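**Q** Next comes the sequence, and after it the predicted model I'd like to discuss.
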Amino acid sequence: MQQINQIYINGQFVTPHGTELFDLYNPATAKPIGHVRLADEQDALDAIQAAKQAFPNFSRTTKATRIDYLKRMHAAVVSVEAELTAAIIEEYGAPIARAVWMARHAANVLLDAANVLQDYHFTQRIGSADVTMQPLGVAGLITPWNSNAGFICAKLAAALAAGCTAVIKPSEMSALQTAIVTRALHQAGLPAGVFNIVTGRGETVGALLSKHPDIAKVSFTGSTAVGKHILRAGAETLKRITLELGGKSPVLILDDADFKQAVPMALQAGFMNSGQACVAGTRMLVPEHRLAEVEALIVEQIVNIHAGDPQDSNTSVGPMVSLKQWQRVQHYIQIGIEEGAHLLAGGPGLPDGIEAGWFVRPTVFSRVTNQMKIAREEIFGPVLSVITYKDETQALAIANDTPYGLQAYILSSNAPKAHALAAHIDAGRVLINTLAHEPRAPFGGFKQSGIGREYGTFGLEAFMEPKSVLS
Ligand code: NAD
C-alpha cells in the first residue's frame, strides 16, 4: 500500500496541516492501493504565501534563466518517465501505449514552453508606446484526473515561462503521479516558493485558490460545472481565468472519404483515452444514404477495440477512473436505450470475460438524433453516437448544434472542401484527417467548452498583462 503524506511548499516537502486520508484505487481491480493525506485551507494559505514571496524576484528573472529552469524541469521529468508511466497505469488505468504517451507528454510540454519562450518578444513598439507583457502574479493551477501529470507540467510551464509563480492543486485521485512529478520538479532546483503543490479537495483547496485575493490568475481544467463555479468565485477579485472544460466533439465523415479508413479513425477519435477525454469525438456524423455501410464497418471494426487489462498491449480502452465514473457511464448507456437509440455495439455491464474493475463495454449507438441526451451531454466514457445528415449544410448545423465547442474532426479526401467546412465550425480546434496534437497551436474551447487558450504563444500570454508606456 502506498502512503503519500507530504505536500510541497516553499521548496520543501512538508506534512500537511490537513489530516483527512483519501483512499487511492487501482481502477482495473477496484482494489485500494494506498492513501494520500490531503492538504486543507491552512496548507493552501501557506502555499499562496510562499508563492507571493517568491514572485518579485522570479518575475524579474531573465528569459535565459527561465528557459534554463524549464529545460532542467524537462530533464528531471524525463528521468522519471518509466516510474510515471507505471503510476498512470496503476492509479488511472490508461492502456500502456497511452500511459507511455502521457508520461512523455508531461515532460515534452516543459520543453515546448522553453521553445516558445525562446522565440517570444516581451516588448514591442506600437505607435508611440512601448508595450511590455508583464507577468500577472501568483497563479492557481487546478488539474483533473484524466491527464494529471500532463496538466501539472503544461500549466506550470506556461506560468513560469511568463514569470508567474504558482500554487498547484492537482486532482486528489492522482496522488501517485503528483508525488513522482513533484519529486522530479524539486530535483530541477528552482528557487523556493516558485511553485508549490498541494493535493487537497476541490471544495476546500480549489475553492480557496479561486477566491483568494493574492491569486491573480486561475487556470483550470475539469468539468464545466466546476469551471462556472470558479468563474463566479474569481469575479469578486477580477481574477484572470482560463477554463478548459468539457466537449461533445463532432466527427464529420464526408461522402467523399474512404470509409474503410475513416470509420476506424472515427472510432479511435471517440475511444481515445478510454473515452475519458474532453476532446473525444463522440458524435459521428455520417451521410444518411450510407448509414448501412457505416454500421457494417463499425460492427466489423469494433472487435479490434479491446477493453481490459491496461498492461496488455492489445488493450485500447482501459477502466473508468472510479466507481462513480463507471456508474455515470452506465447511466448514460441506459438513457441511450430508453431514448430509443439503436444499440449497435457494446451496452450495459462489464465487457465479456471481465469480472472486476470499472470497465465499460465500448459502446456505439446508431440512429441517434442530435436532440437526444446521449448526443448533447458529455458522458466521459467510451460511448459514441452515430447521427445522420442529408447534406453538408445539415452536417455543419448538427456539428454546431451543441453547447460545447472544444474540438471537431473532418474526414474527407477533398482537402479544399474540408478546409471550407472547418472555417464554419465553432470549435477551438478542427482536425482534418488527423488525430495528432500540435503543441504550438492554441488549445481551448468556444462556447461552454471554456475561456481562453493554452499552449504556444497564446497559452504564454494568458499569464501576462500588456502594459503600454507612452513617450
Ligand atoms: P472536476 O471538475 O470535478 O475536477 C477537476 C478539478 O477541480 C479537480 O482537481 C477537483 O478537485 C477540482 N475542484 C472540484 N470542485 C472544485 C471547486 N469547487 N473549486 C475549485 N476546484 C474544484 O472534473 P473531473 O471529474 O476531475 O474531470 C472530468 C471533467 O473534466 C470532464 O467533464 C471533462 O470534460 C473535463 N476535462 C476537460 C479537459 C479540457 O482540456 N477541456 C481536460 C480534461 C478533463
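**A** Noted; the coordinates are in hand. Residues are numbered from 1 along each chain as shown.

**Q** May I see the buried residues of the helix of greatest length in the chain?
**A** Scanning the chain for the longest helix, with DSSP state H as the assignment, gives helix 96-119. By 16 or more other CB atoms under 10 Å, the buried positions in helix 96-119 come out as 96, 98-117. Every C-beta, even on glycine, is put in place using the N, C-alpha and C of the backbone.

**Q** If you count contacts, what does it end up packed against?
**A** helix 63-79, helix 81-92, helix 148-162, helix 456-461 (3 or more CB pairs under 8 Å, 6 or more residues apart in numbering; DSSP states H and E).

**Q** What's the mean pLDDT across the following helix or strand past it?
**A** Proceeding N to C from helix 96-119, the next assigned helix or strand is strand 123-126, under DSSP states H and E. Per-region confidence: strand 123-126 scores 98 on mean pLDDT.

**Q** so where's the chain shaky on pLDDT?
**A** Along the chain, no part satisfies pLDDT under 70.

**Q** Get me the contact residues on the stretch 51-200 of the chain for the ligand.
**A** For the stretch 51-200 of the chain, the residues in contact with the ligand under the definition CB under 6 Å from any ligand atom are 142-146, 169, 171-172.

**Q** ignore the last one, the stretch 351-471 of the chain
**A** 378, 380, 406, 450.

**Q** Show me those residues that map onto strands.
**A** Using DSSP state E, the members of these that fall within strands are Gly450.

**Q** Next, Glu203: secondary structure please.
**A** In the three-state summary, Glu203 is assigned as helix, counting by DSSP: H, G, I helix; E, B strand; the rest coil.

**Q** That one: how many residues sit nearby?
**A** Glu203: 10 surrounding residues under other CB atoms under 10 Å.

**Q** residue contacts, it?
**A** The neighbours of Glu203, taking CB atoms under 8 Å, 6 or more residues apart in numbering as the test, come to nothing; the list is empty.

**Q** what's the spacing between it and the ligand?
**A** Here the criterion is CB to the nearest ligand atom, to the nearest Å. By it, Glu203 lies 5 Å from the ligand.

**Q** all numbers from here: first residue = 632
**A** Sounds good: first residue 632 from here, last item Glu834.

**Q** Now stretch 905-924 - C-alpha only, PDB.
**A** These are the backbone C-alpha positions of stretch 905-924, laid out as PDB (Å, rounded to 0.1, in the frame of the first residue of the first chain):
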ATOM      1  CA  SER A 905     -10.700   5.200 -22.800                       C
ATOM      2  CA  GLY A 906     -13.400   7.800 -23.700                       C
ATOM      3  CA  GLN A 907     -12.300  10.000 -20.700                       C
ATOM      4  CA  ALA A 908     -11.100  12.800 -23.000                       C
ATOM      5  CA  CYS A 909     -12.500  16.200 -23.300                       C
ATOM      6  CA  VAL A 910     -11.600  16.100 -27.000                       C
ATOM      7  CA  ALA A 911     -13.100  12.700 -27.700                       C
ATOM      8  CA  GLY A 912     -15.000  12.600 -31.000                       C
ATOM      9  CA  THR A 913     -18.300  11.400 -29.500                       C
ATOM     10  CA  ARG A 914     -20.700  12.400 -32.200                       C
ATOM     11  CA  MET A 915     -20.000  10.600 -35.500                       C
ATOM     12  CA  LEU A 916     -21.900  12.400 -38.300                       C
ATOM     13  CA  VAL A 917     -22.400  10.300 -41.400                       C
ATOM     14  CA  PRO A 918     -24.200  10.700 -44.800                       C
ATOM     15  CA  GLU A 919     -27.800   9.300 -44.400                       C
ATOM     16  CA  HIS A 920     -27.700   7.300 -47.600                       C
ATOM     17  CA  ARG A 921     -24.600   5.400 -46.400                       C
ATOM     18  CA  LEU A 922     -25.700   4.600 -42.800                       C
ATOM     19  CA  ALA A 923     -25.900   0.800 -43.500                       C
ATOM     20  CA  GLU A 924     -22.400   0.800 -44.800                       C
END
